[in-house]
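**Student:** please work out how this folds:
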Amino acid sequence: MKSLPPDLQAHLDEGTTTLAWCWRITRADGVSFGFTDHDRSLSFDGTDFEPESGLTASEVRSGSDLSVDAQDAQGVLTSDRITETDILDGHWDNATVEVWRVNWSAPAQRALLRRGAIGQIRRGRLAFIAEVRSLAHVLGQTVGRTFQANCDAALGDTRCGINAEAPIYTGTGTVVALRRDRAFTMEGLQAYAAGWFSYGRIQWTSGANAGRQAEVLSHVLLDGVAVLTLLEAPVRAISEGEAFTIRAGCDKSFATCRAKFANVANFRGFPHIPGQDAVLRYATKDGGHEGAVL
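**Tutor:** Numbers count the residues shown, from 1 in each chain. As a prediction, the model looks like this:
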């Protein structure tokens, strides 16, 4: 049970209240924003809570177990601080949220009711609905290493040890022609073998997506022409002539680590872990399943 400050409790005991919801949202880039469902701006703790966003909240969905409590915050894109571009670019993803109950006639009378993070954002042409998840969602994240055959290091990090910025692993190119919304032919990568940049990352250096990154699904050669397919279509459509920087990818397998990067000493997987075929083996007399050590 949450204890309220005495002055706010006294206001609630009066019967006639002047209450409003306030949200302080801090994005991953450290920028903080304040919003309220009141019809005028409120200020406290160095934050201005503006009403122009039209932000309103649903009831809080919670349980007595360790499931993730949730609340929806719905608003229209009228605040110049909430733009459709920022939502599309993911600037609001997993932003931290503080939900306050405030006496708008005396903002000093307030209580912090919950903390959480922005979860799923559903958006339309003029409005958005953001899910505010409780801190219990952190309990669902994997902590520590996983016993698996494939490597769990990221290419180029300290555990991997590969210099991903080396010329052999980094290339530049230009879009020549579009094949689909996330596939295109390009020039500038003719010296690289097919598949060299599969599972890698691309960073746009010009055009509407400049500065943004995307994952590469495949890198193939069709009649000598290099074709890249991205895992997801970019936020903005790709255009011919756009330039990019691309880095080699790794499928996390032991074979790729040895043949492509010569980095077996830093392989962070367990390549000799028994697979399902070993688990399903049974003893027979034909010599193939005699029960010997694998």
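**Student:** low-confidence ranges in the stretch 101-250 of the chain?
**Tutor:** Filtered on pLDDT under 70, the stretch 101-250 of the chain yields the residue ranges 120, 122-130, 134-142.
**Student:** what ranges does it have for its strands?
**Tutor:** 110-123, 127-134, 170-180, 183-187, 201-204, 213-222, 225-230, 243-247 (DSSP state E, counting those that start in this stretch).
**Student:** quick check: the residue nearest to A177 when sequence neighbours are not counted vs L222, distance?
**Tutor:** With CB to CB, 6 or more residues apart in numbering as the criterion, A177 has its nearest non-adjacent residue at 5.0 Å, and that residue is T185. In this view, the C-beta of every residue, glycine as well, is placed from N, C-alpha and C. Using CB to CB, to the nearest Å, we find T185 at a distance of 8 Å from L222.
**Student:** which parts of stretch 250-257 are buried?
**Tutor:** Residues of stretch 250-257 classed as buried: 250, 252-254, 256-257 (neighbour count, 16 or more other CB atoms under 10 Å).
**Student:** and stretch 94-110, by the same measure?
**Tutor:** 95, 97-104, 107, 109-110.
**Student:** reformat these as a markdown table; add distance to A262.
**Tutor:** Below are the buried residues of stretch 94-110 laid out as a markdown table (distance: CB to CB, whole Å):
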| residue | distance to A262 |
| --- | --- |
| A95 | 41 |
| V97 | 46 |
| E98 | 49 |
| V99 | 52 |
| W100 | 56 |
| R101 | 60 |
| V102 | 61 |
| N103 | 66 |
| W104 | 65 |
| P107 | 62 |
| Q109 | 66 |
| R110 | 60 |
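**Student:** what lies in contact with stretch 178-192?
**Tutor:** 171-177, 197, 217, 219, 224-234, 237-238, 240, 244, 246 (CB atoms under 8 Å, 6 or more residues apart in numbering).
**Student:** okay, how far is it across it, tip to tip?
**Tutor:** Using CA to CA, to the nearest Å, the end-to-end distance of stretch 178-192 comes out at 20 Å.
**Student:** with stretch 83-103 instead?
**Tutor:** Across stretch 83-103, the terminal residues are separated by 29 Å (CA to CA).
**Student:** which of T185 and L222 has more residues huddled nearby?
**Tutor:** T185 (16 against 10; other CB atoms under 10 Å).
**Student:** list buried residues within the contacts of stretch 178-192.
**Tutor:** Buried among the contacts of stretch 178-192 by 16+ other CB under 10 Å: 171, 173-175, 197, 217, 219, 226-228, 230, 234, 238, 244, 246.
**Student:** report the residue ranges of every domain in this structure.
**Tutor:** 6-140, 170-247 (automatic domain parsing).
**Student:** ok, so of the buried ones among the contacts of stretch 178-192, who is nearest G161?
**Tutor:** F197 (20.0 Å; CB to CB).
**Student:** ok, the closest one - contacts?
**Tutor:** Counting by CB under 8 Å, 6+ apart, F197 touches 171, 189, 216, 219, 228, 246-249.
**Student:** any chance of JSON lines for these, columns distance to L8?
**Tutor:** Listed next are these as JSON lines, based on distance: CB to CB, whole Å:
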{"residue": "G171", "distance to L8": "60"}
{"residue": "L189", "distance to L8": "63"}
{"residue": "V216", "distance to L8": "53"}
{"residue": "H219", "distance to L8": "60"}
{"residue": "L228", "distance to L8": "57"}
{"residue": "I246", "distance to L8": "56"}
{"residue": "R247", "distance to L8": "53"}
{"residue": "A248", "distance to L8": "58"}
{"residue": "G249", "distance to L8": "55"}
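**Student:** now do the helices in the chain.
**Tutor:** Secondary structure of the chain (DSSP state H): helices at 6-13, 84-88, 254-259, 276-279.
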